[in-house]
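In: Here is a sequence with its predicted model. Questions after.
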Amino acid sequence: MAQRLWRRMGLKPPAPAALGVLLALALLALARLPPSLDHSPHLPPASSPLSPQWEGAAPLSRGRACCERPPPPPARLRRDQPPGRGRRQQRGVVGHAPLWLSDDDLQKMRLLAGGWVVSKARIPAHGQVLRVGLRAAGDTKGDTSPADPERDCQDGQCGLIKRPSDLYEVLAFHLDRVLGLNRSLPAVARRFTSHLLPYSYTNGSLRPIIWWVPDLQHLEDANNDQNSCALGWLQYQEMLKPHGPTLATGNAPCSSIPRSEWSRLALFDFLLQVHDRLDRYCCGFQPDPSEPCVEERLHEKCRNPAELVLVHILVRRSAPSRLVFIDNAGRPHHPEEKLNFRLLQGIGSFPAAAVATLRSGRLQSLLLESLRLDRELWESQGGAEGLRPLLRTIDRRARILLQYIQEHNLTVFADSPR
C-alpha cells in the first residue's frame, strides 16, 4: 500500500535502507519531545479541583471554540442590595418602578412592606400610633426582638404604623414623588400579623406604615416638640417677602429654610388640603362644628393673628435647609367651595417641575402608574377604578391652583437636586 501511495504522488519508492534511516530519525525526534500536556505547568493536572472562578460554570455551549473560556457566573446579589428597575415581585411592592422613585425609595418601601416586626414602642400623645423596628424579609433572625431597638431606628430600620383612616398618606407620598418635591417620607399600605402587635393592629385592617426618619430635629420644649423651630404666622409671612430674612441673616426662627421650601410645602398642602401645618386654626375657611380646630377652640384665635403658630415644621439635622413633610393625610373629601387658599398666602413662586406636571394633564395617569406598585393599597381600593375619584379630586385642585397662579401672575423657579 505504501508503494501504491508513492506512485500516485509521482515519486519513486525509496529503497529499504532509506526507510530504515527515516524510521530511526522519527524515533529520535519522539524521544526529545516535552512531557505530556496533561502535566504542563500552565494548566492544573486533570485530577486537581477547579479553582473558585470556574466552580459551577455552565458547560460550553454548542458552537463555541474548543479552547474558549466560558464566561464567569454572574455575581450573586446580596440580600439587602436593591435591584435595578426591572420587575419586582416582593411582598407589597410589585411592578416596574417609575423614574420618580429612587432606589432609596424602593429599598425603604420594600422594608416597610415586608420587613419582620421585631420591636414596638408607643409615641407619646399620638394615640393609635406605634413605632416598630423592622428586619428585612429574608433575615434569619425572624420575628424576635432585637437587643437594642433604638439602634435599629438610628440605622433607619423603623417605621411608624398609623390609623387605617390615615391611608391617604400613602397617596400623598406618591403625589410628592410624581411632582418631584421629594420632601415626604416613604409610605406603604400593609396588613400586620406579628404577635408583638396588639390585636387591633393584626385584625386584618389595612394601615399605612411610614418610614421613621432617624435624625428629625425637635425642639426641646415638650409642649412644642413637633417643630424644629418655633415660628408664628406673622413671622412666617414676613419671611416670605422678598426683603424678608434670608439664609445669610440667621437672626430669625427657621432662617435656614429658604423661601423655595415654603413654596413646595404650600403647593403640596393645597392639593391635599392639609391644614395642620400652615393653618391649624382653620382660618382660611369656615369649618364645621365637628372640626378639631372648633372643638379645641383654636378657630377663635383667628381674630388675633399674633397668636397663630405653625406646626409640624420639621427638618433633618443632616439637611437643616430642607423641610420634611409629615402627617400628610390631608382631606380627600374637603369640599371644593371651602378650599383653603390661606395655605398659598405670601407665596410668590412655585417649583417649575411640579407646575409643569400639573399643566401636562397627566397627573392622574402618573399617580396610577406610581400607586400600582403598592399592591395592598391598589387591591384594597379596587384598582384604577376605585382610585379615580380621589385622583380626580386632586386633579381638580391642581387646575384651580394653576388658575390661581395665572390670576396672581406668579412665577416658577428652577428645582434644586434631590
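Out: Okay, I see it. Note that this is a predicted model, so its numbers are computed, not measured.
In: what's the neighbour count on the residue lying closest to residue 232 once chain neighbours are set aside?
Out: Leaving aside its sequence neighbours, residue 232 sits nearest to residue 309 (C-beta to C-beta, 6 or more residues apart in numbering; 5.2 Å). Where you see a C-beta, it was placed from the backbone N, CA and C, and this is true even at glycine. Using other C-beta atoms under 10 Å, residue 309 has 18 neighbouring residues.
In: Contacts only, for residue 309.
Out: Contacts here follow C-beta atoms under 8 Å, 6 or more residues apart in numbering; on that basis residue 309 touches 230, 231, 232, 233.
In: neighbour-wise, which of the residues you listed leads?
Out: residue 233 (22 neighbours).
In: Quick check: closest non-adjacent residue to that residue.
Out: residue 308 is the one closest to residue 233 (C-beta to C-beta, 6+ apart), at 3.8 Å.
In: can I assume the one you found is in contact with residue 300?
Out: No: in this structure, residue 308 is not within contact of residue 300 by C-beta atoms under 8 Å, at 11.3 Å.
In: more neighbours, the two?
Out: Legend: neighbour count by other C-beta under 10 Å for residue 308 and residue 300, higher for residue 308 (18 against 12).
In: any idea how far residue 110 is from that one?
Out: Plainly put, residue 308 is 41 Å away from residue 110 if you go by C-beta to C-beta, to the nearest Å.
In: in the stretch 201-350 of the chain, what spans have low per-residue confidence?
Out: Low-confidence segments of the stretch 201-350 of the chain (pLDDT under 70): 222-225, 244-253.
In: all strands for it, in order.
Out: For the stretch 201-350 of the chain, the strands defined by DSSP state E, counting those that start in this stretch occupy 207-211, 314-316, 319-324, 349-351.
In: Can you add mean neighbour count and give these back as CSV?
Out: Shown next, in CSV, are these (neighbours: other C-beta atoms under 10 Å):
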stretch, mean neighbour count
strand 207-211, 25
strand 314-316, 19
strand 319-324, 17
strand 349-351, 20
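In: out of these, nearest to residue 160?
Out: Of all the strands of the stretch 201-350 of the chain, strand 207-211 sits nearest to residue 160, with 4.8 Å by C-beta to C-beta.
In: helices or strands up against the closest one?
Out: With contacts taken as 3 or more C-beta pairs under 8 Å, 6 or more residues apart in numbering; DSSP states H and E, strand 207-211 sits against helix 103-114, strand 158-161, helix 168-178, strand 187-190.
In: now it, how far from the centre of its chain.
Out: With C-alpha atoms, centre = their mean, to the nearest Å as the basis, strand 207-211 stands 13 Å off its chain's centre.
In: Direction included, what does that strand pair against?
Out: Strand pairing for strand 207-211, using DSSP bridges, gives strand 158-161 (antiparallel), strand 187-190 (antiparallel).
In: Good, we can wrap up now.
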